[in-house]
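> I would like the atomic coordinates for the input below:
(chains A, B and C)
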Amino acid sequence: MLSPKTYDVLLNRLNLGVIVVNSAFEVEFINHFIETQCQVNYSDSVQQPLFSLFSDLPEAWLKRKIQSVFVLGTPAFSNWEQRRHVFKMRHTRPVTTQSDYMVQNLSFLPLSQNSEVVQQVAIIIEDVTDTCFYQERLQDTLKTLEHTSQTDALTGIANRRFFEERFLYEFARAKKQQLELSLMMFDMDRFKSINDFYGHQAGDYILQEAAQLITQQMSRLDVFARYGGEEFCLILPQKNIMQAHQFAESVRQKIYAHDFVFDNRRIQTSISVGIAQLDEDSESFESLVTQADIALYQSKREGRNRTSCYKK
Amino acid sequence: MTEAVLICDDSALARKQLQKQLPAQLATNVEFAKDGLDALTRMRNHKFKVVFLDLTMPEMDGVAVLQHNQKEALCDKIIVVSADIQPAMQDKVHQLGALAFVKKPISNDHLVDILKEHGIHD
Amino acid sequence: MIDLSLTEDQRDCLQELVNVAMGRASDKLARFLQTFVHLRVPAIELISAQVLPQSFAEAYADQGVSMVSQGFYGERGVRGESILFYRSHDAQGIARILGYEPEEATEVEQLTDISSILTTTFLSGLAEQIDNHIGYSAPRVVTSDDTSIEKHLQQLSFTWELALKVDISYQVTDYAFHCDMVLLIPGEAIHSFQQALDNILNEI
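Okay, the predicted model is just below:
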């Protein structure tokens, strides 16, 4: 059995903040942790109103929280992920963290002696600055990783993986909600010759510049991706084949009219486009890709720099 | 032949628990109803010494039973037995003519006190 | 393999314990929220945790859903995890119920706060009746993203064998909201629960 004195020592050695309040929100106890972290002392603190002893507390929220423990007789919690800190305290890792204050998890525990009536509420404050720091670094890394895995490194637009993921989703959505959906695929004409004649850096520049031009023209719903090599694709949700054709033609003309300038040399290029639209018979998103591809090769066969629609 | 006691609750456990808490004289002559509709039918056919009525039940809840009872004057001694002890609910059942309100889970002493208070048991 | 099935008596007993726990929770809530809480008879259902991901993903397929999880641990091996499911439109306006100042708490925080209140008041009421005391860990929002609900549940159900599903409908005087509460219970704790039910049944 521990003596009351030992209990006292234990409470004060804890690396946790302990504040006990009564139902009038008056402080009945603070431990050593609170004394040092908040620069208050025990004798000046007891019987003081909680909200005047500690400044800048979220009063209405905290009152409701404490009231809930008194009325319901069950514990309540506050998590750093929702609320960084409640009590303003300096933390012990000033160099490595971005936050100014100690990041906290709080537990509010009902205290009662041999009765159902809650007499006091203990607020337990845990320093989770470290957890928060590492969690945030992890989140940042995951975000970067996600972006990298979805982006084409050369052009900065979406890559094939992201295209397939989104197209699968858009395909299912359009089918279910009976929305229109078109797919446009295009290829840079005579790209191999450009590479051979002007060099690979020029080829890269053409791809980047073309991607830029098209990004400026598309609407918010469209998804634009590099399918591979010099082939690109555009998911056009809520567009029928007529609207898709109109859009494809404006893109094609823009590319054809654009002055691609690399190393002070003007390079003219064009694109061949194939489009297909979703109908009742479309079984899978792959079949739509195949159809757009067939239309694209028709454009190539018929002399390039044109748009073809898939016909059954 | 004394009048029977009616215990109305959708839970078999709750019905048995209540019967067990009743004083011996009352516990020997007990009828059970498994929901409000069942209780109402029985109340229309017999005169009960006292009806113990749960509030939250399928088919017909306790409040509806009280409303019907008030209209048809079937039994003047209805004791509501419920875990839902919100003050607003207590007021409501009193207005609908309930004699008393017993909180679940039932404490034996409290039940006997209430029965004595209303002259159902001595 | 632990027998998940309950006898007719055990089931009735559990339903009554849940009803009483709900009633007491409503009473406490009414006092805290200073309003009248209308309580419907909660439907309970015991399901194998393995089928939970699929059934819930289907039930919530069309709407955004938020899940809040909170661990609980009692005496004699009673322990588990409670998950509350809210449909997006039910998750709005909780601040008003809780009596927070507008802008004072984010929606996620309101959700964890109301969840913690519902879980702890309900489970404390249940624990009292089986002569137990229950402690809680802090609630956490597991997801507020509808696409990943099945994945999240799969991860959770891996650890648990049985799920007790309690449909909760709380209607506050001028505001109604509905949520599903699921208690996930590991194998050895199911035995403790069954034991507690038998103890009650043997007493009567």
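> all contacts plus neighbour counts: C-alpha atoms, from now on.
Noted.
> got the residue ranges for the helices in the chain?
Looking at chain A here, since you left the chain open. A:4-13, A:32-38, A:42-45, A:50-53, A:59-72, A:129-150, A:160-177, A:191-198, A:200-217, A:241-257, A:285-301 (DSSP state H).
> Sorry, I should have been clearer: chain C.
C:8-33, C:52-59, C:88-91, C:94-98, C:107-129, C:149-157, C:187-203.
> what's the distance between the longest one and the middle of its chain?
Centre-to-centre, helix C:8-33 and its host chain are 12 Å apart (CA atoms, centre = their mean, to the nearest Å).
> Buried residues in it, which are they?
C:10-33 (16 or more other CA atoms under 10 Å in any protein chain shown).
> tell me which parts of chain C are close to chain B?
Contact residues, chain C versus chain B (CA under 8 Å from any CA of the partner chain): C:9, C:12-13, C:15-16, C:19-24, C:26-28, C:30-31, C:36, C:39-41, C:129, C:201, C:204.
> Flag the shaky bits of the chain, pLDDT-wise.
You didn't say which chain, so I picked chain A. Applying pLDDT under 70 to chain A flags the ranges A:92-99.
> that's the wrong chain, I meant chain B
In chain B (pLDDT under 70), the answer is B:1.
> rerun at 90
B:1-3, B:11, B:17, B:20-21, B:23-28, B:56-61, B:76, B:83-89, B:103-112, B:114-122 (pLDDT under 90).
> need the helices for it, in chain order.
Using DSSP H, the helices of chain B run over residues B:12-21, B:24-27, B:36-45, B:62-72, B:87-95, B:108-117.
> Out of those, which is closest to chain C?
For chain C, the closest of the helices of chain B is helix B:12-21, at 5.7 Å, according to CA to the nearest CA.
> what's in contact with that closest one?
With contacts defined as CA atoms under 8 Å, 6 or more residues apart in numbering or on different chains, helix B:12-21 is touched by B:7-9, B:27, B:30, B:32, B:34, B:106, B:108, B:111, C:9, C:12-13, C:16, C:201, C:204.
> hmm, which of these are the buried ones?
Buried among the contacts of helix B:12-21 (16+ other CA under 10 Å): B:Ile7, B:Cys8, B:Asp9, B:Val30, B:Phe32, B:Lys34, B:Ile106, B:Leu111, C:Asp12, C:Cys13, C:Glu16, C:Leu201.
> Dump those to a markdown table, plus distance to chain A.
What follows is the buried ones among the contacts of helix B:12-21, written out as a markdown table (distance: CA to the nearest CA, whole Å):
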| residue | distance to chain A |
| --- | --- |
| B:Ile7 | 30 |
| B:Cys8 | 30 |
| B:Asp9 | 27 |
| B:Val30 | 34 |
| B:Phe32 | 34 |
| B:Lys34 | 32 |
| B:Ile106 | 17 |
| B:Leu111 | 21 |
| C:Asp12 | 27 |
| C:Cys13 | 24 |
| C:Glu16 | 21 |
| C:Leu201 | 26 |
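> mind putting those residues in JSON lines, distance to A:Leu11 included?
Formatted as JSON lines, the buried ones among the contacts of helix B:12-21 follow (distance: CA to CA, whole Å):
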{"residue": "B:Ile7", "distance to A:Leu11": "53"}
{"residue": "B:Cys8", "distance to A:Leu11": "52"}
{"residue": "B:Asp9", "distance to A:Leu11": "50"}
{"residue": "B:Val30", "distance to A:Leu11": "57"}
{"residue": "B:Phe32", "distance to A:Leu11": "56"}
{"residue": "B:Lys34", "distance to A:Leu11": "54"}
{"residue": "B:Ile106", "distance to A:Leu11": "40"}
{"residue": "B:Leu111", "distance to A:Leu11": "45"}
{"residue": "C:Asp12", "distance to A:Leu11": "46"}
{"residue": "C:Cys13", "distance to A:Leu11": "43"}
{"residue": "C:Glu16", "distance to A:Leu11": "42"}
{"residue": "C:Leu201", "distance to A:Leu11": "43"}
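> Check the model's average confidence along stretch C:117-137 for me.
The predicted model assigns stretch C:117-137 a mean pLDDT of 89.
> Buried residues in that stretch, which are they?
Neighbour count says stretch C:117-137 has C:117-127, C:129, C:133-134, C:136-137 buried, by 16+ other CA under 10 Å.
> And stretch A:173-188, by the same measure?
Neighbour counts using 16+ other CA under 10 Å place A:Ala174, A:Lys175, A:Leu179, A:Glu180, A:Leu181, A:Ser182, A:Leu183, A:Met184, A:Met185, A:Phe186, A:Asp187, A:Met188 of stretch A:173-188 among the buried residues.
> which residues are contacting that stretch?
By CA under 8 Å, 6+ apart, the residues outside stretch A:173-188 that reach it are A:170-171, A:230-241, A:244, A:248, A:269-278, A:288-289, A:292-293, A:296.
> Give me the pLDDT for whichever residue of chain C sits closest to chain B.
Closest to chain B within chain C is C:Gly23: 4.1 Å, counting by CA to the nearest CA. Here the pLDDT value assigned to C:Gly23 is 85.
> mind checking how far it is from A:Met188?
70 Å (CA to CA, to the nearest Å).
> C:Asn19 now?
For C:Asn19, the distance to A:Met188 (CA to CA) stands at 69 Å.
> again with C:Ser116
Per CA to CA, C:Ser116 is found 58 Å from A:Met188.
> Next: A:Val251.
Distance of A:Val251 to A:Met188, computed by CA to CA: 12 Å.
> got it, and B:Leu111?
From B:Leu111 over to A:Met188 (counting by CA to CA), the distance is 89 Å.
> Could you list the residues of chain C in contact with chain A?
Within reach of chain A by CA under 8 Å from any CA, chain C has these residues: C:28-29, C:31-32, C:98-101, C:104-106, C:108-109, C:113, C:116-117, C:120-121, C:124, C:136, C:138-140.
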